[in-house]
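J.: give the three-dimensional model of this entry:
(chains A and B)
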Amino acid sequence: MAEASTVQAVNLALARALEDDPRVLLLGEDIGVNGGVFRATEGLHARFGAARVVDTPLAELGITGLAIGLAAQGFRPVVEIQFMGFAYATIDQLLNHAARLRNRTRGRLTCPLVMRVPFGGGVHAPEHHSESGEALFTAAPGLRVVVPSSPGRAYGLLLAAIRDPDPVVFLEPKRLYRALEEEVVDDGVALPLDRAFVLREGEDVTLVTWGAMTLEVLDAAATLDAEGISAEVVDVATLRPLDAATILGSVEKTGRCVIVHEAPLTGGYGGEIAARVAEHALTALLAPIRRVTGWDTVMPLPRLEARYMPSTARILAAAREVCSWS
Amino acid sequence: MQSIVARFEVSRSAILDAEGKLSDALPAFAVEPTALLALYRAMTLTRTFDRKAVELQRTGRLGTYASSFGQEAVAVGVAAAMRQDDVLLPSFREHGAQLWRGVTATELLLFWGGDERGSDFATAREDFPVSIPIASHAPQAAGVAMALQRRGGDRAAVCILGDGASSKGDFYEALNLAGVWRLPLVFVVVDNGWAISMPRARQTAAATLAQKAWAAGFPGVQVDGNDVVAMRHATELALDRARAGDGPTLLEAQTYRLADHTTADDASRYRAQVDVEARFAAEPLARLRRYLTAIGAWSKSDEAALGTACDSEIEAAVAAYLATPPQPPEAMVDHLFATLPADLEAQRAAIMAAGNGDG
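T.: Residues are numbered from 1 along each chain as shown, chains lettered A, B, ... in the order given. A predicted model of the protein is given here:
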């Protein structure tokens, strides 16, 4: 067993997938000798060769279409898009084709590709590098959208995504890449997709989140605990298809729900979760559902970034407020 | 000082002219009339299919349909040059190519009649379904070709797209990928004169569409797209290159869309009928018929018999299409993923509870 950061865990999962399955190949810009802009593919080019760790010309749309063709032919392409802001060019390919190929051919052709995208703010990156665009992908039927929140879950969920027979958008919170290390066992064991993880059990309020915001949410939960408020933390992990049962079960227990995400409020995926809770657990609610999110504006450049990101203080305020209802 | 650092030329290939006369030597495949008769039959079947499909749409029995009237030589010529184990990624006006490759007329009608099962081909199982979004299948074709290349062997992919597609970024990205990796891929850009209402002259300032391939580092050739002999021959040469590991080729097939863009279009809004009528003189079937007649390989009675045979083949397909009951409503979620996610179970139950036509 060894300690690994999230980006190292991604690397371990990619290496494991390449080792285990000859159909797996990696495609992306600067992922070869350079090891990727975040070094997620460090060493893989040397170990597996240029035929399986493929440096592509600069063309996000083209690479995604390429992966669709490869996937339809039985390969398991794993595409790296360098930053969320560059992933928008892939949406035509993902929504019009990857997400639909199985359905529109009644299963004759399938599309087992993974698109990895570092996303989210908090690392003072340049413009167009820090967005949280997950809701663009969760709006598309036929895609899985997965967001890991720790090195261990990055490893297990990425392996699951690569092994999944359908397309997966795998959003890697780059604030987590090097924020913490934990023991990651490179045993090739995947975590289940389509399932939320309860990171902390509690009785008074359910905090629902995903990705890097789990750090602030867990911090907040620890503070609340000291105040006598017992918070349950649910890491959604697979945003789509949603594990609504875990969220609803938690809210039915606690009676209170705070949803936390970096993406803007309006149209954010928290709205879908809030709607599910309102539809199916309304009678269990003791307080209004609250959302703590990024603001409804363009992701600011780094000097104002901290004022945009949901802070532990904002999460605490929302949790305390819902707990003031009874 | 200035010096020339790159040069390219675009050639044009034509064999059988509009009069049915040879302007170049016949390629080997065409020396025996048998192969030409097969091409003629396939183009006639395609034209029959188009006519019948439009008629079905006009009588409310088919959805919006894109006729290939006038462009039959491109689809048939390309498909005839392909091997069955090659992979076709068509646009949406290549019914003739799909039929040649074994996609049934019933399947085509099911698709255009609004049933996904029409893209679940019983043969040509690796061929892609039609691509309605323009040019987006071009990078997918590069992916298919990359897969074929990686497996070894000598299979190739063929991507057919239109003159409008050649203006899109997807197209340029695909050409670039195909060129840099020498993929076994043939792009067939069908210049039918019109991207709905936009004429070729206003689509691009480039003198040819073929030259766009040279920019990506591989040959582009113009072909008389109304000449099925030239189309098949040019495609065979391009496929030979692909199979030999020499990389992609782009064919610019010059033809003319005699039909409206689709049955939802009225081309008289943007082009004069007199101009369209002038284009009938160069249409692909008449020239081959003239040639075959001139060499004594075709007669009026052959023509009548072929017409009857095509009619009955398509009528049988229409009957099978019309007799196919719709899918159960839950089919709309059953094929979304390999296994139904738990989150869709309630919706699937609701779809089934709502029943047919009541959803």
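J.: what's the burial count for residue 84?
T.: All of this is about chain A. 25 (other C-beta atoms under 10 Å in any protein chain shown). Glycine gets a C-beta too; all of them are placed from N, C-alpha and C.
J.: was after chain B, sorry
T.: B:Gln84: 10 surrounding residues under other C-beta under 10 Å.
J.: can you map out the helices along the stretch 201-350 of chain B?
T.: Taking DSSP state H, counting those that start in this stretch as the criterion, the stretch 201-350 of chain B carries its helices at B:211-215, B:228-243, B:273-279, B:284-294, B:300-322, B:331-334, B:342-354.
J.: got the ones you listed as CSV, with mean pLDDT columns?
T.: Output for the helices of the stretch 201-350 of chain B, formatted as CSV (pLDDT from 0 to 100):
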stretch, mean pLDDT
helix B:211-215, 98
helix B:228-243, 98
helix B:273-279, 96
helix B:284-294, 98
helix B:300-322, 98
helix B:331-334, 97
helix B:342-354, 95
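J.: and of those, who's closest to chain A?
T.: Among the helices of the stretch 201-350 of chain B, the nearest to chain A by C-beta to the nearest C-beta is helix B:342-354 (4.0 Å).
J.: mind giving me the packing neighbours of that closest one?
T.: If you count contacts as 3 or more C-beta pairs under 8 Å, 6 or more residues apart in numbering or on different chains; DSSP states H and E, helix B:342-354 packs onto helix B:331-334.
J.: surely B:Arg12 touches B:Gly220?
T.: No - under the criterion of C-beta atoms under 8 Å, B:Arg12 is not in contact with B:Gly220, lying 10.9 Å apart.
J.: those two: which is more packed in?
T.: Under the neighbour definition other C-beta under 10 Å, B:Arg12 and B:Gly220 were set side by side, and B:Gly220 has more, 25 against 14.
J.: would you check that that one makes contact with B:Leu250?
T.: Yes - B:Gly220 lies in contact with B:Leu250 (C-beta under 8 Å); the separation is 4.1 Å.
J.: quick check: the gap between the residue of the stretch 201-350 of chain B found nearest chain A and A:Arg291.
T.: Using C-beta to the nearest C-beta, the single residue of the stretch 201-350 of chain B nearest to chain A is B:Pro341, 3.5 Å away. As for B:Pro341, its distance to A:Arg291 is 24 Å (criterion: C-beta to C-beta, to the nearest Å).
J.: burial count for the nearest residue to B:Glu236 once chain neighbours are set aside?
T.: Nearest non-adjacent residue to B:Glu236, counting by C-beta to C-beta, 6 or more residues apart in numbering or on different chains: B:Ala81, 4.3 Å away. Per other C-beta under 10 Å, the neighbour tally for B:Ala81 reads 22.
J.: before we move on, back to that, and the helices of the stretch 201-350 of chain B as TSV, adding distance to A:Ala263?
T.: Shown next, in TSV, are the helices of the stretch 201-350 of chain B (distance: least, C-beta to C-beta, whole Å):
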stretch	distance to A:Ala263
helix B:211-215	39
helix B:228-243	45
helix B:273-279	52
helix B:284-294	54
helix B:300-322	46
helix B:331-334	27
helix B:342-354	20
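J.: who wins for proximity to A:Gln8 among the ones you listed?
T.: In terms of C-beta to C-beta, the element of the helices of the stretch 201-350 of chain B nearest to A:Gln8 is helix B:342-354, at 31.7 Å.
J.: using PDB, list the CA coordinates for that closest one.
T.: C-alpha atoms of helix B:342-354 as PDB (Å, rounded to 0.1, in the frame of the first residue of the first chain):
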ATOM      1  CA  ALA B 342     -32.000   2.300 -11.300                       C
ATOM      2  CA  ASP B 343     -32.800   5.900 -11.700                       C
ATOM      3  CA  LEU B 344     -34.700   5.200 -14.900                       C
ATOM      4  CA  GLU B 345     -36.800   2.300 -13.500                       C
ATOM      5  CA  ALA B 346     -39.700   4.500 -12.300                       C
ATOM      6  CA  GLN B 347     -39.800   6.400 -15.600                       C
ATOM      7  CA  ARG B 348     -39.800   3.100 -17.500                       C
ATOM      8  CA  ALA B 349     -42.700   1.900 -15.400                       C
ATOM      9  CA  ALA B 350     -44.500   5.200 -16.100                       C
ATOM     10  CA  ILE B 351     -43.900   4.900 -19.800                       C
ATOM     11  CA  MET B 352     -45.400   1.400 -19.800                       C
ATOM     12  CA  ALA B 353     -48.400   2.500 -17.600                       C
ATOM     13  CA  ALA B 354     -49.200   5.300 -20.000                       C
END
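J.: what comes up buried for that helix?
T.: By 16 or more other C-beta atoms under 10 Å in any protein chain shown, the buried positions in helix B:342-354 come out as B:343-344, B:348, B:351.
J.: residues in contact with residue 204?
T.: Just going to use chain A. Residues near A:Asp204 by C-beta atoms under 8 Å, 6 or more residues apart in numbering or on different chains: A:224, A:229-231, A:254, A:256, A:323.
J.: you looked at the wrong chain, it should be chain B
T.: Residues in contact with B:Thr204 (C-beta under 8 Å, 6+ apart) are B:166-167.
J.: change it to 10 Å
T.: Contacts for B:Thr204 (C-beta atoms under 10 Å, 6 or more residues apart in numbering or on different chains) come out as B:163-164, B:166-167, B:212.
J.: just A:Trp210 next, same as before
T.: A:132, A:134, A:145-149, A:171, A:173, A:196-197, A:217, A:234-239, A:259-262, A:269-270, A:273.
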